[in-house]
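Chemist: Okay, predicted coordinates and the sequence, questions at the end:
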Amino acid sequence: MHSIAIVAAAVLPGPALADVITIRSNEWCPYNCETGSEQPGYMVEVLTEAFAYSGHSIRYENRPRNRALRESRMGMFDGLIGAAPQGVARYVIPATPLARVQPVIAVRAASGFSYQGVESFDGILVSAEHGYNFTGEIDRYLTRHANDLRRIDLVFQSNAGALGLRKLLAGRIDALLGHQAVLSYLAGRQGVSEQIRLIAVGAPVEVYVAFSPAARNSRRYAALFDIGMSQLARSGRLDALRRKYGLEQEP
């Protein structure tokens, strides 16, 4: 506690120095949802409330994931959310994750598919959204076979998850890689929850807010975020936000 107070004294600004911190991400509900909606997403609300402790506000906008990665590297905005550290190696990453997400494979409900390692993908077409991490083994498989259209359907569109579910149920792909809460949310929106089966793979993945390597305030923002998150955790507010977005059962 004493060390947190010392860090806070070093980085907390006075009221006149309150910043508007610009954050971008693709739509990945319920973690980050549509810009300007009444429920902008769990991670957006966590970020907003964590920075409110230091008097800062958040301006969040949706961007396609590849564009958000490219523009944040250039310092065109302050940071992006929902990033796994291995995908943003040169960014400034706080010590505290925004969320933990469970990688899953979606298959048709009647499918007999079971996952016993990437050898299970032999002979089937697997779809994944470009730029996401799943497990080390699966990530290596996707990289190794990225150009093999018989094995991998790599999707770059911002609506890759919703599109993937439609392709899965139409029989155009055999399996869809994603994350539990996101695919559950999308399946509910499409009214197809009973038509798919989600298979958990690997351990939950910690995802973070990643601050631009080219922005001058990134290290200060990372420190302020950690302080705000410790306050949210102690107050019980993090648990309340998880309940709001139906994430009580998430890791």
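Modeler: Yep, that arrived.
Chemist: Ala214: what's it in contact with?
Modeler: With contacts defined as CB atoms under 8 Å, 6 or more residues apart in numbering, the neighbours of Ala214 are 73-75. No exception for glycine: its C-beta is placed from N, CA and C like everyone else's.
Chemist: One more pass at 6 Å, please.
Modeler: 74-75 (CB atoms under 6 Å, 6 or more residues apart in numbering).
Chemist: Kindly provide the distance from it to Glu71.
Modeler: With the distance defined as CB to CB, to the nearest Å, Ala214 ends up 10 Å from Glu71.
Chemist: What of Arg219?
Modeler: Per CB to CB, Arg219 is found 20 Å from Glu71.
Chemist: nearest residue to Leu168 other than its sequence neighbours?
Modeler: Beyond its immediate neighbours in the sequence, the residue positioned closest to Leu168 (CB to CB, 6 or more residues apart in numbering) is Leu176, lying 5.0 Å away.
Chemist: which other residues reach the helix or strand in which the one you found is found?
Modeler: Assessed by DSSP states H and E, Leu176 sits inside strand 175-179. Residues outside strand 175-179 that contact it (CB under 6 Å, 6+ apart) are 101, 103-107, 124, 126-128, 134, 161, 164, 168.
Chemist: Residue ranges in the stretch 1-150 of the chain under the pLDDT threshold?
Modeler: Segments of the stretch 1-150 of the chain classed as low confidence (criterion: pLDDT under 70) are 1-16.
Chemist: That one: strands as residue ranges?
Modeler: In order along the chain, the stretch 1-150 of the chain carries the following strands (DSSP state E, counting those that start in this stretch): 20-25, 57-62, 79-83, 99-101, 103-108, 126-129.
Chemist: closest one to Ser37 among these?
Modeler: Ranking the strands of the stretch 1-150 of the chain by their distance to Ser37 (criterion: CB to CB) puts strand 57-62 first, at 10.1 Å.
Chemist: Next, the angle strand 20-25 makes with that closest one.
Modeler: Here strand 57-62 runs at 20 degrees with respect to strand 20-25, directions being taken by axes from the mean of the first three to the mean of the last three CA atoms, to 10 degrees.
Chemist: For strand 57-62, which strands pair with it and how are they oriented?
Modeler: Partner strands and pairing direction for strand 57-62 (DSSP bridges) are strand 20-25 (parallel).
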